[in-house]
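Novice: pasting the sequence and the predicted model now:
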Amino acid sequence: MGAAASAVKRVRQSMKDGKLITNEQLLRGACRMGDSHAVKELYDLGLDLNVPFPEGYTPAWYAAYYGHSELLTTLDELGVDLGAPCDRAGSTPLAWTRQRGHQEASDTLRTLLKPRASERGRWPVFHDEIGEYHHKIDHYKIKFRGKLATDN
């Protein structure tokens, strides 16, 4: 039995037991499983996909944490700001995909974020590019109060 079928079975059992299942719980489960279709349906019902769940994580966090590239694309299409912090610590979805080793999801996010960065006039700095960035700076002679930084 797949993860989606198992989740549906748990929801049905909870409903039989008289437990109330909220839309937020359904959204969290859909994001955890990477179910883009269910997320779209819940969005159509009026759920705000940018609002964090009570524990502080957003739908974008779940998509990034579990490496769901298709869901990240769907969230982008639905207007979620994928460059915004997605947890209480202020980490972004891209940081989570990198930390968890989800290369495909990381590449998807880079592709989705690049047009927005060029609209703002700057490209976000990623950890693997920082070394290259600093290397380029070392080639310039920087003046400070009329003297070269290397002069004493």
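Specialist: Structure received.
Novice: in this structure, what helix or strand scores lowest on average pLDDT?
Specialist: One helix or strand of the chain scores below all others by mean pLDDT, DSSP states H and E: helix 127-138, with a mean of 42.
Novice: quick one, helices of the protein?
Specialist: For the chain, applying DSSP state H gives helices covering 3-16, 23-33, 36-44, 59-65, 69-77, 93-100, 103-120, 127-138.
Novice: which of those helices has the lowest mean pLDDT?
Specialist: Among those, helix 127-138 carries the lowest mean pLDDT, at a mean of 42.
Novice: residue 60 contacts residue 75, doesn't it?
Specialist: Yes. Residue 60 is in contact with residue 75 according to Cβ atoms under 8 Å; the separation is 5.7 Å. For glycine as for every other residue, the C-beta is placed from the backbone atoms N, C-alpha and C.
Novice: common neighbours of those two, please.
Specialist: 49, 82 (Cβ atoms under 8 Å, 6 or more residues apart in numbering).
Novice: quick one: contacts for residue 89?
Specialist: Counting by Cβ under 8 Å, 6+ apart, residue 89 has no contacts.
Novice: could you check how far it is from residue 61?
Specialist: Between residue 89 and residue 61 the computed distance is 10 Å (Cβ to Cβ, to the nearest Å).
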